[in-house]
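Peer 1: kindly return the folded structure for what I paste below:
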Amino acid sequence: MVRAGEAGGALEVVLNRLAEFAEKAEKIKNKVKGAMVYPIVVLVVAVGITGFLLVAVIPKFKDIFNDLLEGKPPPAITQFVMDASNMVMKNGLMVVAAIAVIVVLFKLFAKTKFGRYMVDTAKINAPDVRFVGAQDRCGTHDAYAWHAARLGRAGVVRDQHRARHHWQRGPRARHAERTTLSRKVRA
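Peer 2: Numbering: from 1, shown residues only. The predicted structure follows:
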């Protein structure tokens, strides 16, 4: 953008617009972070309630079921819930530690080249719902439209700025780039 502003003789205008864009992007980022607080709180409360039910309530029902069924085995789903309750009561800290280890290992795996490829492939193949990859694509299109409009106002023709796009690209672009590169390597 700066090069385009210099080439078009409108560096000050381009820099002002870039600053305006950065401020708007920061406001949107803060709004998204604020909007994510509620779902996270709901998730934490739901996990807490589930833990409380497994530790405090289900064991009391176990005795009631034993009296009602008179020695017969309970239905499979009921037995599963009772077994889950026993496991959480006996190995609660181990369950929490195992979940934490799995999350940390996944994050470390996602930072590797192969892990990033697998995560991007999963995003590409995921259904096109709002919370899986759609923001990446919409953000990329928004950025392209914004930059194209600004460059057009600065007097840069379409073919010049098309070759110079350097904004963040989503998983589809990275996947296409890797696929193209792997085809070139094989040839």
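Peer 1: quick one, phi/psi of residue 126?
Peer 2: As for residue 126, its main-chain torsions (degrees, to the nearest 10) stand at phi -70, psi 150.
Peer 1: could we number from 797 for the rest of this?
Peer 2: Fine by me, first position is 797 from now on; the one you just mentioned is residue 922.
Peer 1: tell me which element residue 836 falls in.
Peer 2: Take DSSP states H and E as the rule and residue 836 turns out to sit in helix 807-848.
Peer 1: show me what the following helix or strand past that helix is packed up against.
Peer 2: Scanning forward in sequence from helix 807-848, with DSSP H and E defining helices and strands, the next element found is helix 854-865. Contact analysis of helix 854-865 by 3 or more Cβ pairs under 8 Å, 6 or more residues apart in numbering; DSSP states H and E lists helix 872-907 as its packing neighbours. For glycine as for every other residue, the C-beta is placed from the backbone atoms N, C-alpha and C.
Peer 1: just checking, next helix/strand downstream of the helix it packs on?
Peer 2: On the C-terminal side of helix 872-907, the closest following helix or strand by DSSP H and E is helix 909-921.
Peer 1: buried set for that next one?
Peer 2: Buried residues in helix 909-921, counting neighbours by 16 or more other Cβ atoms under 10 Å, are found at 915, 916, 919, 920.
Peer 1: by contact count, what packs against that helix?
Peer 2: helix 872-907, helix 967-982.
Peer 1: tell me the contacts of the residue lying closest to residue 891 once chain neighbours are set aside?
Peer 2: Excluding the flanking residues, the one nearest residue 891 by Cβ to Cβ, 6 or more residues apart in numbering is residue 884, at 6.1 Å. Residue 884 makes contact with 847, 850, 851, 891 under the criterion Cβ atoms under 8 Å, 6 or more residues apart in numbering.
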